[in-house]
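[1] sequence first, predicted coordinates after that:
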Amino acid sequence: MGHVGPPHHTIRSSLLCERGSVLLETAFAIPMLFGIAMSLIWCLGVATTALSLGDVARESARAIARGESVEVIARKTNEQAPKAQLNIDQSAESVRVELTQYVSLPMPMFDGLGLTVHRSALAARENFSW
């Protein structure tokens, strides 16, 4: 009787085929994982920017509502959020500070894609008439 089972060359070719498919799957998976990681980093950057802009807007609106100089507060706001656009609206009763900043994707191939983060704060004027 002869050899029972598949010939050796069939086993070898199926192993080579499996190695090739593993290589191909890895070649597709690595860029996808990189893209997912960069997206998560970008999302964290957007969230951090939104939180800091909100804090700066609140602090600035309260300071102006207390009677501090608008020019001084605008300078401090620009130091704390240098990439943000500042808009201050004042009325007799309140002060509104708006900050807007564009956050782009951290990947050069997607240049021009991103989100605009907008935060504003409203503070009632404080009258210190004793």
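    Nice, I can see it.

[2] check what pLDDT the residue nearest the centre of the chain gets.
    For the chain, the residue nearest the mean C-alpha position is V46 (2.3 Å; Cα atoms, centre = their mean). At V46, the model reports a pLDDT of 93.

[3] give me every residue that touches it.
    V46 makes contacts with V103, L115, V117, as judged by Cβ atoms under 8 Å, 6 or more residues apart in numbering. In this view, the C-beta of every residue, glycine as well, is placed from N, C-alpha and C.

[4] list the buried residues for stretch 72-87?
    Neighbour-count burial for stretch 72-87, counted by 16 or more other Cβ atoms under 10 Å, picks out I73, T77, A81, A84, L86.

[5] can you give me the end-to-end span of that stretch?
    Start-to-end span of stretch 72-87 (Cα to Cα, to the nearest Å) is 14 Å.

[6] what does it contact?
    52-53, 56, 60, 63-64, 88, 97-102.
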